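Engineer: Next come a sequence and a model predicted from it.
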Amino acid sequence: MSHRLGFWLARVLTFLVLAVAALAITAPFLWIFRGAFSGSDAELYRLPPSLELGNLTVRNFGLVAEQVPYFQFFLNSIIVSTVITAAQLVTCSTAAYAFARLRFRGKNALFAVVIGSLMIPIQVTIVPLFLVMSKIGLTNTLWALIFPGIFSAFGIFLLRQHFLTLPRELEEAAKIDGSGRLHTFVRIILPLSGPSIATLGILCFTYWWNDLLLPLVMISDTERQTLPVGLVLLAGRFSTGSLGTIAAGIAMAIVPVLIVFIAAQRYIVQSIASSGLKL
């Protein structure tokens, strides 16, 4: 009896802890969405914050487009994030397969360099990167944001760890049947790596969707800025913009990534669990 009581107490305690954690995580999002429909900024300054549904309006969403070219920012972010994600899925998967399966001189040293690059923050390389883009005439274009993100050391590491968990017998059987490396990679390895590839795509899209530093440095034309910089412009100098309008802009920026993440979150769990099994 005491064993069953302890079991149920543990489950109830676990549930309470998870409920509190979930509330702490979702509360800022609820406040943002509530603020987006708020008819007065005074409600957003109230302490403690209130989630009451009175005095709702959609006027803030119209004001966003009036104050800044918000939907142009939105389109620029879609282009940059989508192109970089597609490019990384190609470059990272092929490089990861080479590190996981091929034998060539200097493979371990080269992989160590790739992993070592993870420890270099972008703030260290931003000035040389700007000079390179300036020399080839790509500053103030979306290509200045796309080219630096085509390769990802993290993406290579993530997919390599997954490829190492796949049985070599599958490739050996394909080789006996006459399949080459490319055919085996495309027809066997990639279909078995759906969760890991989907995870990389989600993480990559989310990172570049939220990136602020690179567009802020590379782009000077307002019309070519991405959404994070657009939100900064929406806030105004010295953050004097309307909180309701800012909340509306943030809410619209959150929705696409939130939908993608909720729809594919199980792939992230499966991929991270499997990729950490073998080093």
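Structural biologist: Cool, the structure landed. Residues are numbered from 1 along each chain as shown.
Engineer: Quickly list the domain ranges of the protein.
Structural biologist: Annotated domains of the chain cover 1-57, 68-275 [automatic domain parsing].
Engineer: how far out from the middle of the chain is the shortest one?
Structural biologist: For domain 1-57, the distance between its averaged C-alpha position and the chain's averaged C-alpha position is 24 Å (CA atoms, centre = their mean, to the nearest Å).
Engineer: start at 53 instead
Structural biologist: I'll keep to 53 as the first residue from here, and by that count the last item is domain 53-109.
Engineer: avg pLDDT for that domain?
Structural biologist: Mean per-residue pLDDT for domain 53-109: 78.
Engineer: what about this structure, any weak spots by pLDDT?
Structural biologist: Across the chain, residues meeting the criterion (pLDDT under 70) sit at 53-55, 93-94, 101-106, 289-293, 319-331.
Engineer: tell me which residues of stretch 166-181 are tucked away?
Structural biologist: 166, 178, 181 (16 or more other CB atoms under 10 Å). Every residue, glycine included, has its C-beta placed from N, CA and C.
Engineer: Point to the residue nearest the middle of the chain.
Structural biologist: T258 (2.0 Å; CA atoms, centre = their mean).
Engineer: for the helix or strand that contains it, the distance to its chain's centre please.
Structural biologist: Using DSSP states H and E, T258 sits in helix 246-262. Remark: helix 246-262 is offset 5 Å from the chain centroid, using CA atoms, centre = their mean.
Engineer: got the buried residues for it?
Structural biologist: Applying 16+ other CB under 10 Å to helix 246-262 flags 247-261 as buried.
Engineer: So which elements touch the helix or strand containing Q317?
Structural biologist: Q317 is part of helix 295-327 when elements are defined by DSSP H and E. The contact analysis (3 or more CB pairs under 8 Å, 6 or more residues apart in numbering; DSSP states H and E) places helix 295-327 against helix 54-88, helix 111-119, helix 122-153, helix 205-217, helix 246-262, helix 279-287.
Engineer: now do the same end-to-end measure for stretch 100-110.
Structural biologist: 24 Å (CA to CA, to the nearest Å).
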